[in-house]
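**Student:** Curious how this folds, go ahead:
(chains A, B, C and D)
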2 protein chains.
Amino acid sequence: MTDATDKKPSRIQMRNRRLILDAALDVFSRDGYGGSTLDAIANGAGLSKPNLLYYFDGKKEIYVTLLSQLLETWLDPLIELDPDGDPVEELLSYVRHKLDMALEMPAESKLFAGEMLQGAPRMADHLNNELKPLFDRKCQIIQDWIDAGRLAPVDPPHLIFSIWSSTQHYADFGAQVSALLDAKDPAKGAHAHLEQMFRRLLQPAST
Amino acid sequence: MTDATDKKPSRIQMRNRRLILDAALDVFSRDGYGGSTLDAIANGAGLSKPNLLYYFDGKKEIYVTLLSQLLETWLDPLIELDPDGDPVEELLSYVRHKLDMALEMPAESKLFAGEMLQGAPRMADHLNNELKPLFDRKCQIIQDWIDAGRLAPVDPPHLIFSIWSSTQHYADFGAQVSALLDAKDPAKGAHAHLEQMFRRLLQPAST
DNA sequence: TCAAAATTTTACCAATTGGTAAACTCACGA
DNA sequence: TCGTGAGTTTACCAATTGGTAAAATTTTGA
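**Tutor:** Numbering: from 1, shown residues only, chains lettered A, B, ... in the order given. The predicted model follows:
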C-alpha cells in the first residue's frame, strides 16, 4: 500500500499534493496542457520530478485532478441562484460574483478556458452529467421569472452564456484588456459596465 | 537565393505555404502552440517535415505568420465602424458581423484566444502599435455618439469588450455551448439574444 | 533540349520529455 | 533504539521533437 491515493493521506501527502496542484495551476494556465512539462511543475513545487510522480500517476492525472477540483468552486455561484429572490437582483449578484472570481482567480479561469478551447476532451462527462442538469435547472428558474413577468423576456441559456463570457473575458483576455485600457485597474469600470448592461437587459418593462 | 521569403514567390511556393498555414491553423487551434508538433502540421499539409521547413524557418515562424495574417481579417469589422452612420445600427451591425465570424471561423477565433490566454507573448507589439490606436479611435467615435445624445451613455472600452467576449464565446467555448444547448444550431438564438441585449443597452432614452 | 535553380526526400541528430528502477534517507511507533 | 514503511534521490531510458545535411528529383527558362 504505497499508493498515494490511499484513504488516509498523511500530513506530508496533504502538503505536497497541494504544493503540486498549486504549481500545476500556474504552469498549466500559463503554458497550456501541451506546453507544460513535469519538470516545470516539479520545479514550481520545489520537488524533484520522480518525487512528484510519487504523488500523482502522471501528467494527465495532475491536470484532471486540478480541473475537477476547480469545477466545483467555479460553478458554485450558479448553484446559489435563488428562485425565491428578486430576479434582477439575483442575476446581477451572480454577475458580480462571477466577475469577482474572474478578477481574483485568473489562473483558474484560464485553465478552464484552455480546456474549453481544445474541445473539453477531459470534461465531456462532467459537462453532460453535472453541468447540464444544473444549467437546465437554472434556465428553468429564469424562464419561470419571465413567465411571471418579473424579468424581461430573454433567452435563458444565451443569457447565461453572455454572463459567463463577459465576466471571464477579464481573466482570459487579461493581456488584451491591460494593453487596451488606459485605466490602471479594469475592475471598477467592468463592474459598472456589466451592472448597467445586464440591468437594462433584464429589467422588465415597468407597469 | 534559395530563401523562401523572396520577393517573387513561385506558384509552388504559394500553394505549399497556403497548405502549410491551413494545416497549421487546424493543429494550433486544436492543440495549442505547445501541444502542436511539426509532424502533425506537415502531415496535415501532406508534406514531409523537412519539406515544411523549406518553406518556414521553424515552428514559431509558422505560428507568428498565421497569427499576424489572422489579425488583419479579425479586426477588419471594427475598422468599418462608421462615425456617419446610425450609432445603434452601426454597433449592432458590428455585433452581427463579429458573431458571424465566430460561427464561421471558429479555428481562427480559438487560435487568437489561445494566444491571449498565454498572455499574448507574440502579439504584444501588434497590440500596442496597431490595435491600441484603432481601439482608441473607435472608442472616441462611440463617445462622440454618446455626447451627441444618439447613444445611451456606456463605457466605450467595456462595451467593445462585451461585444468581443459575447460573440467569440460561441467559437472559443463551442464545446460547452454544444453540450449545454438542446438546439441543434446555436446561431439563431445567439443572434437574436445579442441583438436584444445590445439594442437595450445602446438605445438612448427616447425623447 | 538541357543546365541551373527550385523542390523534395532520405538519413540523421541533439535535446527534451514523460516516466521507471532501485537505492537511499527519514519519521515514527513498539 | 530500532525496524518498518513513507518519502526522496540518483541514475537512467525510450520516445518524441524541432531541426539539419546532403543527396536526389523535379521544374523552369534560355
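**Student:** all contacts plus neighbour counts: C-alpha atoms, from now on.
**Tutor:** OK.
**Student:** ok, residues contacting the helix or strand where residue A:142 lies?
**Tutor:** Using DSSP states H and E, the element containing residue A:142 is helix A:132-147. Under the contact criterion Cα atoms under 8 Å, 6 or more residues apart in numbering or on different chains, helix A:132-147 has outside partners A:78-79, A:81, A:83, A:87, A:151-154, A:156-157, B:179-180.
**Student:** With stretch A:10-30 instead?
**Tutor:** A:4, A:35-36, A:40-42, A:44-45, A:52, A:55, A:62-63, A:66, A:107-108, A:110-111, A:114, B:117-119.
**Student:** Report the buried residues of it.
**Tutor:** A:16-17, A:19-21, A:23-30 (16 or more other Cα atoms under 10 Å in any protein chain shown).
**Student:** And stretch A:37-49, by the same measure?
**Tutor:** Neighbour count says stretch A:37-49 has A:37, A:38, A:40, A:41, A:42, A:44, A:45, A:47, A:49 buried, by 16+ other Cα under 10 Å.
**Student:** In JSON lines, list the residues you listed along with distance to DNA strand C and secondary structure.
**Tutor:** Below are the buried residues of stretch A:37-49 laid out as JSON lines (distance: Cα to the nearest atom of the strand, whole Å; DSSP: H, G, I helix; E, B strand; the rest coil):
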{"residue": "A:37", "distance to DNA strand C": "3", "secondary structure": "coil"}
{"residue": "A:38", "distance to DNA strand C": "4", "secondary structure": "helix"}
{"residue": "A:40", "distance to DNA strand C": "8", "secondary structure": "helix"}
{"residue": "A:41", "distance to DNA strand C": "9", "secondary structure": "helix"}
{"residue": "A:42", "distance to DNA strand C": "9", "secondary structure": "helix"}
{"residue": "A:44", "distance to DNA strand C": "13", "secondary structure": "helix"}
{"residue": "A:45", "distance to DNA strand C": "14", "secondary structure": "helix"}
{"residue": "A:47", "distance to DNA strand C": "12", "secondary structure": "coil"}
{"residue": "A:49", "distance to DNA strand C": "6", "secondary structure": "helix"}
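**Student:** filter these down to the ones close to DNA strand D.
**Tutor:** Restricting these to those touching DNA strand D (Cα under 7 Å from any atom of the strand) yields A:47, A:49.
**Student:** would a markdown table of the buried residues of stretch A:37-49 with pLDDT be doable?
**Tutor:** Converted to a markdown table, the buried residues of stretch A:37-49 look like this (pLDDT from 0 to 100):
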| residue | pLDDT |
| --- | --- |
| A:37 | 98 |
| A:38 | 98 |
| A:40 | 98 |
| A:41 | 98 |
| A:42 | 97 |
| A:44 | 97 |
| A:45 | 97 |
| A:47 | 96 |
| A:49 | 97 |
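**Student:** Could you single out the nearest of the buried residues of stretch A:37-49 to residue B:185?
**Tutor:** Among the buried residues of stretch A:37-49, residue A:37 lies closest to residue B:185 (Cα to Cα), at 37.9 Å.
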